[in-house]
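[1] here is my input, please return the structure:
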Amino acid sequence: MAPEALGPYSQAVEANGMLFISGQVPVNPETKKIPEGIKEQTRQVMENIGALLKEAGYAFDDVVKSTCLLSDMDNFAAMNAVYAEYYPENPPARAAYGVVKLPLGALIEIETIAVK
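    Residues are numbered from 1 along each chain as shown. Sure, this is the predicted structure:
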């Protein structure tokens, strides 16, 4: 289960065998809270993405592109270590950007595209 969308957008849209997952912030769907620390937040984001992939009939192996937004690029290495756990082989293409601010004060947001 992934948390509800924070605004007027779809969590994911499927079109022509592709799944476009909106940027996910690290909100725990059960507690509605954001965990502390970049590693914990990255893990929560990846779990939220995994829930959306599963619900649509996809898996992490189907992911072809991710975009990572970080509120502080000094968190890149820690984020990367957790992110790599979800893609042990054939990781998707990826971009990572440092941004000024993310929703709810999150340290990370990740959007994902998967293809069957």
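[2] after the helix ranked longest in the chain, next one along is what?
    Among the elements of the chain assigned as helix by DSSP state H, the one spanning the most residues is helix 38-55. Sequence-wise, the next helix or strand downstream of helix 38-55 (DSSP states H and E) is strand 63-70.
[3] what angle separates the helix or strand just after that next one from helix 38-55?
    Counting by DSSP H and E, the element after strand 63-70 in chain order, helix or strand, is helix 76-86. For helix 76-86 against helix 38-55, the angle by axes from the mean of the first three to the mean of the last three CA atoms, to 10 degrees is 30 degrees.
[4] what lines up beside the helix or strand following helix 76-86 in the sheet?
    As assigned by DSSP H and E, the chain's next helix or strand after helix 76-86 is strand 93-98. Here strand 93-98 has these sheet partners by DSSP bridges: strand 63-70 (parallel).
[5] buried ones in the strand it pairs with?
    Val63, Ser66, Cys68, Leu69, Leu70 (16 or more other CB atoms under 10 Å). In this view, the C-beta of every residue, glycine as well, is placed from N, C-alpha and C.
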